[in-house]
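Asks: Need a 3D model of the sequence below.
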Amino acid sequence: MPETPKPSFDDIMRNVQATGGARATSSLTVCFVPAISQQLQELEFELAEAREREQDNRLTRRDPDSDRSSSHRVGDDGPSSVEELEAKRDALIADNEGAFYDLQFQAARRDEWSDLKAMHPPKDDVAEDERMGVHWKSFVPAVVKKCLTDPEPSDKVLDFLAESLTSGEWDRIGVAVIRLNNTVRDRPKSLRNTYMTMINGDDFE
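Replies: Residues are numbered from 1 along each chain as shown. Just a heads-up that it's a prediction; the model follows:
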């Protein structure tokens, strides 16, 4: 049987462009009602803890001699599982459909992403800025404007988002867009810890 010819670089370019391009995309459900948004943030916080706990449990099973102490909050009946918390989150969204929207994002070009970070350098002595490497307060709106694809980031849409979203929702968006643009799978804990710090109410400039 003759070998299938290896695709040329032109073939690769055509295939990538035909399927929407090489830049990553993602979706994030946000809430426009503050009281419900708080419930969502609390569930996201618990989900992050549950996922970290399950990851630690998997690592412990692989290495029974490892010393992994848990600092996660545990209720009287034990911690909820990822599956249980995801079901609660899905139910919250289903019961309040008019309060939620799935924002769609596309990663910026590599040079555009570098320029965005350079335009928003972190402020000294601001823990969140130092951890994320940018001035969080100005960076998040800038990356939303750059990366948002649905709805289209018109001035009207951006003004509505700025007026309607809580600071917690902006933080969720910021973390999600950074992960999208970095496409990092082995750093979730550092970003997760930053998000946990934010939704626990720590102020930053």
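
Asks: Mind naming the longest helix for this structure?
Replies: helix 34-62 (DSSP state H).

Asks: where do the strands sit along this protein?
Replies: With strands called from DSSP state E, the chain shows them at 25-31, 100-106, 148-150.

Asks: Now I93. Nearest residue, chain neighbours left out?
Replies: Closest residue in space to I93, ignoring its immediate chain neighbours: F100 at 5.2 Å, by CB to CB, 6 or more residues apart in numbering. C-betas here are computed from N, CA, C, even on glycine.

Asks: My guess is that neighbour contacts S27. True?
Replies: No - taking CB atoms under 8 Å as the definition, F100 is not a contact partner of S27, at 11.7 Å.

Asks: Those two: which has the busier surroundings?
Replies: F100 (17 against 12; other CB atoms under 10 Å).

Asks: residues in contact with the more buried one?
Replies: F100 makes contacts with T29, V30, C31, F32, I93, as judged by CB atoms under 8 Å, 6 or more residues apart in numbering.

Asks: Okay, the closest residue to the fourth one other than its chain neighbours and L158: tell me how far apart.
Replies: If the residues on either side of it in the chain are set aside, F32 comes closest to S164, at 4.8 Å by CB to CB, 6+ apart. Here S164 is placed at a distance of 11 Å from L158 (CB to CB, to the nearest Å).

Asks: Could you measure from the residue nearest to the spatial centre of the chain over to S27?
Replies: The centroid of the chain falls nearest to A176 when counting by CA atoms, centre = their mean (2.0 Å). According to CB to CB, A176 stands 9 Å off from S27.

Asks: can you check F160 too?
Replies: 19 Å.

Asks: do the same with G133
Replies: 25 Å.

Asks: With A108 instead?
Replies: 17 Å.

Asks: for I12, same thing?
Replies: 26 Å.

Asks: Name all residues that make contact with L47.
Replies: L47 touches V82, L85, E86, R89, counting by CB under 8 Å, 6+ apart.

Asks: can we see that at 10 Å?
Replies: Residues in contact with L47 (CB atoms under 10 Å, 6 or more residues apart in numbering) are S80, V82, E84, L85, E86, K88, R89, R192.

Asks: Looks like the residue nearest to the centre of the chain contacts A107 (just checking).
Replies: No - using CB atoms under 10 Å, A176 makes no contact with A107, being 11.3 Å away.

Asks: what do those two both touch?
Replies: Common neighbours of A176 and A107 (CB under 10 Å, 6+ apart) are S26, V143, C147.

Asks: Tell me, how many residues neighbour the second one?
Replies: Applying other CB under 10 Å, we find 25 residues neighbouring V143.

Asks: cool, the one 10 residues further on as well?
Replies: Neighbour count of P153, defined by other CB under 10 Å: 16.

Asks: same thing with the one 3 residues further on?
Replies: By the criterion of other CB under 10 Å, K156 has 10 neighbours.
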